[in-house]
Every structure is written in structure tokens, then in C-alpha cells.
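Asker: sequence and predicted structure are below.
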Amino acid sequence: MVKSRSRSKEIMIISGNRSNFRFVTDLLITLFFWVYTIIVMIFILSATTGFSNVVTRTLNTTFKTTNSEVQAVILFGFVVFIVIYLVLFINRLYNKKRFGKLTRRTYPETVTERDLISLRLMSIENIEKLQSNYVVFEKNPIISLKEEKIHEESD
Amino acid sequence: MDFFSGPYGLVTSFVFWYPFLMALFWMAGSILFLRTKENKQNDIDIDGFDWPMISILVPCYNEEDTIKETIENLSGLSYPKKEIILINDGSTDQTASLLEELSKKHNEVRVIQLEQNRGKANALQVGLFAAKAEYLVCVDADALLADTAPYYMIHQFFVSGERVGAVTGSPSIRNRNTLLSRMQLVEYASIIGAIKRTQRLLGKVMTVSGVVVTFRKKALVDVGLWDRDMITEDIAVSWKLQKRFWDVRYEPRAICWMLVPETLSGIWKQRIRWAQGGQEVVLRHWRILFSWKQRRLWLIFLEQCVSTIWAFSWLFITLVLIFSANAFQDLLLWLTLTSFFLVFISMIQLFISLVIDSRHNGVMKYYFWAAWYPAIYWMVNTLVVVVALPRAIKSRYKGGYAVWSSPDRGLKKS
């Protein structure tokens, strides 16, 4: 089992200074959006369940629509969701059955100095220099993009 | 229903149905991922496993505010065999002297000072050449790793992991004081989590999280390391790995605490960079569409293209609406039936995704701040994509090192 070794969230989360004015402003604007969101929710859920109320009647008139048309869109969305879910599920089953047992790669060997040199991005001297604890490069130790492009084109 | 009539009916339909159907797609994918993969993940036996050595690479560019805390966090991790490599990418502040100091203080810390700024991908490349380990944990200089995160990521390489080239962790936001940071908190936990889960289910992911990801060195060498000319090295390398059939896995339990911008300009710059990075990848790798072997990448490639087209379509329809409006009411985009449906489906998607992600980071209580999301997300996203596209084209045409500055990192700890 994973032992509880992580530092507590409280240490990670930063609690900065925020003015009350800013907090109240954020809260009020968010509440304004929630009022809008709740109206949306009431309208769509009421229309979908066929429950007529002031919100659905008013908005149906404004949008020139009816409950049954809203129901049709929601039902269509629900059917699409089920279809997507099934397609993804079948795709997963197919992949598992078709490819699951295959081992198409053995565990790779570790990278050797030769592999690094074969990249032709850095000189051996610089690679060796990089193994020390503290190293300063006045010039970028990796070849320039121009040189890299020349290498690619010559391959 | 008078939804999509008029001369622009087709475009209007696309503008409505695409996000509506994609929301259903991400929901279905994340629920299926939860049921088939996440629920079956057993806890790992930390003490009963011979953990391989890891090299933690931390590229630093002007990180004097955060680097000390990051290094203290990394060197305090319980992971048994590790080295920490700090690569100063030509910082112009006090980062260089701070790193020198830190290398003297912590035995496992090694410092590379690059006096020329050549971008994050270049710094990571230097780090790879310096690394002694086969597994490279790349962490941003303003991020803190949860103690268990390296175990969860490394473990993935040993669970039928012969094809695993990278394991991406799950970023969780530290600064939660402002409206902007809370909105991003909801976004990271829900939208990004849902997309990663669904893409993982399909076998390919658009990108690893640059803030926390573990690479197999062999895989990186195989693909020729990170692209130094791409603005988002994380997106670019994800595509290179997957094109060479290395797997990229998503490990939602590997939590990394990060800071997000808390100013509009900070978020704007960051999002432009992300969008530009996605578009640059599309422009570079379009030939995959002609390779049957790369068919698993087609879906995410096409999703990226269609999203870009959608942004321009949305902008077009909005402009048509504005210029053809006869009354003020016609301008109220949020008070249309299509907007109502999109808000409805977005709120359900956010709720489901947050419930799923909350199992790992307890962010459900921030659902309150999600109300903003459907109201402004489309607009911001559209503008970002529209502004980023010419930059991506110009960057592909011009070439050169992709160098950028980090956005603001939010409020300082009180």
C-alpha cells in the first residue's frame, strides 16, 4: 500500500492576501452567473420532464419553441452519449482482444554514451563535462539549429 | 424549431453541434476510463519494489521567486534513488547565483549554467545529456511534486510498459485566491482531465503536461529529443513519441502542485502559446493523414483542426449576428436557445469531470466557480485560436529557437 508520505495539501495551497472588496465582487459576479445557470437548468430540466412553469412558458415563448422540441434535443443528446460510450467500449474490447496479448517491443536497453553521441547534437567533451556537479557554458553546448538541419538533410 | 435557418444555417449548426457533441464525447470517455482503468488501479507497494534511479530535470528561466521552494520540495521527496539537475537557461535575474548556492547545499543537486537563453527544449536537451538515470522526471521550476508522484509515474513503465515512452502526471493548482485561478482550477481538474482520460482510452494523447512528466530516455533518444523550434516542447515531443509508436500514459494519481497566472494578460499569453503550439504540431505533422499506420493519431489531429475551424466559424457567426442585429436583444448571445443547451451540457460535463478528478485532489468544492466557464470559455477560446494561428504559420515559416518568458505566477504566499 502507498504510505501516507505526501506533504499536506495545506502546505502546498497558497493562501494569499485578497481584499474583501475583491472577494465580494468575485462572489457577486459568480452568483449572477449562477442565477443564469440555474434558469438554464430549470428551463431545460422542466421542459424535458414536461413540467410547465413560468420559466418554461416564458422562455418557450421567447425562443419560439415548445417543450417537445427541447425534449427532442435532450433525447438526441442522450442517445448520442450512449452510442459514443458503446463505440468507445467496443473499441476498447476490440483492441484488448486483437492487440492485448501481443508484445510488440521488448523492454528497451538503457541509453549508452554511443547512443548519445549518435544524436550528433553535442561533442563528447561537453557530454563528459556535463557529468560534473557544477558546470558553466558560455556558449550553448548543443549544436545550433542550423547545424542540426544540415545534419538532418545529409541523412 | 427555428434553430439553424437562414443563409448561414450550416455554419450555425456546426457552431452549435460541435461543442455539444464533443462535450458528450469527453464525458463518455472519462466515465469509461474511470470504469475500465482508473477503478482497477491498485495501490502500489512502495517498499516492496526495487525503484530505478531517476533524474529530475528542472529547466529554469528567471525563477528566483520559486526555485528555492521547488528544490527543497524535490530534495525532500522520499523516492530512494534520485538526482536533481537544474538547468539555468540564461536567466537575467538572480537565478544563477541561487542555483549555485543550492548546489552547495544539496548533495543530489547538480547545476548547469547556460549563459545563452535558448528555450526550454534546449535546456531539457542539455539536461538529458547530463542525466545518469534512464527515467527523466521533468518538472517546471515553479511546481512542487507530491511525494508519491514519482512512484506512480515510474510504476507505469513496469506494468506492461515496454512501449511506454512517457507518463504524464496530473497538475493541481496551488494558488486558489482569485477568480481567475479558481476558474483555471476547475478547468485543469475537469476539462483537461476529461480530455486526457478520453484520449488515453483512444490510445493517443494530444500532449503530456509540460509541468510534470516522466520520460524514458531511450524513447527520447529514439525520436531525436525535444524540438527546439516549437513553442510548446511538450506537445511536440508527445507527437514525436507517438509517431514512433511509443505510448504516452496518463497517471491521474501523480499530483504536481503548480502555480497559474492570475492576471488576464498572463493567462492570455499562456493560452496563445498553447494554441500556437497545437497549431504548429498540426502544421508539422500533417503527413500522418496519409499513413494508415498513424491512423490512431488521426482523431486527435482532426480534433485539433476542427477546433480551429470551429473558432473561426464561431467568430464569423458572432460578427454576422452583431452586424445584422435589428435590436439590442439580438446581441444577447447568452439568451438564445442554443446557448442554453451549451451551458446545460457544459455544466453537466464539468460536474462529472470534477467528480471523477476529485477522487485524487478533492476539488469538487470549487464547482461553485464553474458557472463562469460556459459563459466566457467559448469567447476566450475563439480569440486565442484566431490570434495564435498567424503566429503559428509565421513561426513554421521563419523557424529558429522557440524562446518565451513564463507568465506571471499568481499571488505570493502570505
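Answerer: Here it is on my side, so go on.
Asker: distance from the centroid: which residue in chain B tops it?
Answerer: Residue farthest from the centre of chain B, counting by Cα atoms, centre = their mean, is B:N326 at 42.0 Å.
Asker: would that residue count as being in a strand?
Answerer: No: the assignment for B:N326 is coil, going by DSSP: H, G, I helix; E, B strand; the rest coil, so no strand is present there.
Asker: from A:L93, how far out is it?
Answerer: The gap separating B:N326 from A:L93 is 54 Å, by Cβ to Cβ, to the nearest Å. Where you see a C-beta, it was placed from the backbone N, CA and C, and this is true even at glycine.
Asker: so which residues of the chain form helices?
Answerer: Picking chain A for this. According to DSSP state H, chain A carries its helices in the segments A:9-12, A:20-49, A:54-63, A:67-99, A:113-118, A:124-129, A:145-154.
Asker: should've been chain B
Answerer: Residue ranges of the helices in chain B, as given by DSSP H, are B:9-36, B:67-75, B:95-105, B:120-130, B:149-156, B:179-186, B:193-202, B:217-223, B:233-243, B:264-284, B:295-324, B:337-361, B:372-398.
Asker: quick one: the fourth one to helix A:145-154, angle?
Answerer: For helix B:120-130 against helix A:145-154, the angle by axes from the mean of the first three to the mean of the last three Cα atoms, to 10 degrees is 70 degrees.
Asker: do helix B:120-130 and chain A meet at all?
Answerer: Yes: under the criterion of Cβ under 8 Å from any Cβ of the partner chain, chain A is reached by helix B:120-130 at B:N122, B:Q125, B:V126, B:F129, B:A130.
Asker: and the residues you listed, which are buried?
Answerer: B:N122, B:Q125, B:V126, B:F129, B:A130 (16 or more other Cβ atoms under 10 Å in any protein chain shown).
Asker: around chain A, pick out the residues from the stretch 301-414 of chain B.
Answerer: Near chain A, when you scan the stretch 301-414 of chain B using Cβ under 8 Å from any Cβ, you find B:334-337, B:340-341, B:343-345, B:347, B:362, B:368-369, B:371-372, B:374-375, B:399-401, B:410-414.
Asker: buried members of these into ChimeraX, please.
Answerer: Below is the selection syntax for ChimeraX that covers the buried ones among these, with 16+ other Cβ under 10 Å defining burial:
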select /B:336,337,340,341,343,344,345,347,369,371,372,374,375,410,411
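Asker: could you check which residue of chain A lies nearest chain B?
Answerer: For chain A, the residue positioned closest to chain B under Cβ to the nearest Cβ is A:G16, at a distance of 3.2 Å.
Asker: my read: that residue touches B:N175, true?
Answerer: Yes: counting by Cβ atoms under 8 Å, A:G16 does reach B:N175; the two are 6.7 Å apart.
Asker: between these two, who's got more neighbours?
Answerer: Neighbour comparison, A:G16 and B:N175: the larger count goes to B:N175, with 25 against 15 (by other Cβ atoms under 10 Å in any protein chain shown).
Asker: quick check: the gap between the more buried one and chain A.
Answerer: 5 Å (Cβ to the nearest Cβ, to the nearest Å).
Asker: what comes up buried for stretch B:21-36?
Answerer: By neighbour count, with 16+ other Cβ under 10 Å as the criterion, the buried positions of stretch B:21-36 are B:22-34.
Asker: format those as TSV; extra columns: pLDDT and distance to chain A.
Answerer: Formatted as TSV, the buried residues of stretch B:21-36 follow (pLDDT from 0 to 100; distance: Cβ to the nearest Cβ, whole Å):
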residue	pLDDT	distance to chain A
B:M22	95	10
B:A23	95	9
B:L24	97	5
B:F25	97	5
B:W26	96	10
B:M27	96	7
B:A28	97	4
B:G29	96	6
B:S30	95	10
B:I31	96	7
B:L32	96	5
B:F33	95	9
B:L34	94	12
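Asker: CSV for these, including distance to B:Y151?
Answerer: Compiled in CSV, these are given as follows (distance: Cβ to Cβ, whole Å):
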residue, distance to B:Y151
B:M22, 34
B:A23, 34
B:L24, 35
B:F25, 32
B:W26, 28
B:M27, 30
B:A28, 31
B:G29, 26
B:S30, 24
B:I31, 27
B:L32, 26
B:F33, 21
B:L34, 21
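Asker: once you drop chain neighbours, what's closest to the spatially most central residue of chain A?
Answerer: With distances taken as Cα atoms, centre = their mean, the residue of chain A nearest its centroid is A:L88 (18.3 Å). Closest residue to A:L88 in three dimensions, ignoring its sequence neighbours and counting by Cβ to Cβ, 6 or more residues apart in numbering or on different chains: B:L32, at 5.2 Å.
Asker: that neighbour: what's it in contact with?
Answerer: Contact partners of B:L32, counting by Cβ atoms under 8 Å, 6 or more residues apart in numbering or on different chains, are A:Y85, A:L88, A:F89, A:R92, B:L201.
Asker: list only buried entries from those.
Answerer: A residue is treated as buried here by neighbour count (16+ other Cβ under 10 Å); on that basis the buried members of the contacts of B:L32 are A:Y85, A:L88, A:R92, B:L201.
Asker: output the below-cut-off pLDDT ranges for the stretch 201-350 of chain B.
Answerer: Low-confidence segments of the stretch 201-350 of chain B, defined by pLDDT under 70, are absent.
Asker: chain A contacts on the stretch 51-200 of chain B?
Answerer: The interface of the stretch 51-200 of chain B toward chain A, taken as Cβ under 8 Å from any Cβ, is made up of B:73, B:76, B:78, B:100, B:103, B:110-116, B:118, B:122, B:125-126, B:129-130, B:132, B:134, B:144, B:146-148, B:151, B:162-163, B:172, B:174-179, B:198.
Asker: which ChimeraX command selects the buried ones in these?
Answerer: In ChimeraX, a selection of the buried entries from those looks like this (16+ other Cβ under 10 Å):
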select /B:73,100,103,110,111,112,113,114,118,122,125,126,129,130,134,144,146,147,148,151,163,172,174,175,176,177,178,179,198
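Asker: need the helices of chain A in JSON lines (columns: mean pLDDT).
Answerer: Below are the helices of chain A laid out as JSON lines (pLDDT from 0 to 100):
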{"stretch": "helix A:9-12", "mean pLDDT": "61"}
{"stretch": "helix A:20-49", "mean pLDDT": "92"}
{"stretch": "helix A:54-63", "mean pLDDT": "90"}
{"stretch": "helix A:67-99", "mean pLDDT": "94"}
{"stretch": "helix A:113-118", "mean pLDDT": "94"}
{"stretch": "helix A:124-129", "mean pLDDT": "93"}
{"stretch": "helix A:145-154", "mean pLDDT": "82"}
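Asker: in CSV, list these along with distance to B:Q294.
Answerer: Converted to CSV, the helices of chain A look like this (distance: least, Cβ to Cβ, whole Å):
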stretch, distance to B:Q294
helix A:9-12, 39
helix A:20-49, 40
helix A:54-63, 44
helix A:67-99, 16
helix A:113-118, 25
helix A:124-129, 33
helix A:145-154, 20
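Asker: ok so, going back, show me which of the residues of helix B:120-130 next to chain A is closest to chain A.
Answerer: Distance ranking of the residues of helix B:120-130 next to chain A against chain A, using Cβ to the nearest Cβ, places B:A130 first at 3.9 Å.
Asker: ok, now which ones touch the nearest residue to that closest one once chain neighbours are set aside?
Answerer: Nearest residue to B:A130 in three dimensions, chain neighbours excluded: A:L130, at 3.9 Å (Cβ to Cβ, 6+ apart). Contacts for A:L130 (Cβ under 8 Å, 6+ apart) come out as A:P141, B:I112, B:V126, B:F129, B:A130.
Asker: quick check: A:L130 vs A:N53, distance?
Answerer: For A:L130, the distance to A:N53 (Cβ to Cβ) stands at 71 Å.
Asker: picking up where we left off before, need the buried ones among the contacts of B:L32 in JSON lines with distance to A:R120, can you?
Answerer: Supplementary listing: the buried ones among the contacts of B:L32 in JSON lines, determined by distance: Cβ to Cβ, whole Å:
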{"residue": "A:Y85", "distance to A:R120": "48"}
{"residue": "A:L88", "distance to A:R120": "43"}
{"residue": "A:R92", "distance to A:R120": "41"}
{"residue": "B:L201", "distance to A:R120": "38"}
